[in-house]
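J.: pasting the sequence and the predicted model now:
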Amino acid sequence: MRVHLCVVGRLRAGPERALIDDYLSRFDKTGRALGLGPARVVEVEDKRGGGMAAEAALLRRAVPDGSYLCILDERGRVMDSPTFADEIAARRDQGRGDMAFVIGGADGIDPALRAEADMALSFGAMVWPHMLARVMLAEQLYRAASILAGSPYHRV
Ligand SMILES: C[S@@+](CC[C@H](N)C(=O)[O-])C[C@H]1O[C@@H](n2cnc3c(N)ncnc32)[C@H](O)[C@@H]1O
């Protein structure tokens, strides 16, 4: 199952980008034997200032048809890492070819796109900057693959 991180805004080279690349390449390596991956990041940017609706149009184009769509939103469902891993495994086992995660920009995700999502995932009630949300998602994807592989990366 391919994994797409569809995000608003371009992230320049720097520590956040290095972490994302590292976690996603670890996810790809660990996930290969599990039928997970590869993961890719698609950055969209609306340069005309069209706001959330314009960003939503770009994000919809970035999400492959038939994807299981999970938006990231502080009002979404909070879950522990093993449950997140189970969610991903369940989509794979349902035969989904693609799972897409959407992270919004400074204004968040357009309500119409939010309503189209199959799931809303929260990293807690606090609002995080989008670049940190990307790093956290990349790490949780790697953690999920490690849990499913039975490797000792995740310890409670
Ligand atoms: C700076 S936040 C935007 C917050 C915006 N004020 C709003 O009302 O949604 C940018 C993006 O990061 C993600 N994000 C931020 N905090 C989050 C959290 N606690 N859980 C999940 N995603 C989060 C969301 O995708 C959000 O659209």
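T.: Noted; the coordinates are in hand.

J.: which residues of the protein lie near the ligand?
T.: Proximity of the chain to the ligand, by CB under 6 Å from any ligand atom, involves residues 72-74, 103-104, 106-109, 122-124, 126-130, 133. Bear in mind the C-beta positions are built from the backbone N, C-alpha and C, glycine included.

J.: whichever of the residues you listed end up buried, select them in PyMOL.
T.: Here is the PyMOL command that selects the buried residues among these (16 or more other CB atoms under 10 Å):
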select buried, resi 72+73+74+103+104+108+109+123+130+133
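
J.: filter the residues of the chain next to the ligand down to the ones in strands?
T.: Secondary structure from DSSP state E places 72, 73, 74, 103, 122 of these in strands.

J.: distance of the residue lying farthest from the centre of the chain from the ligand?
T.: Distance from the C-alpha centroid of the chain, by CA atoms, centre = their mean, peaks at residue 48 (25.2 Å). Residue 48 is 20 Å from the ligand, where distance means CB to the nearest ligand atom, to the nearest Å.
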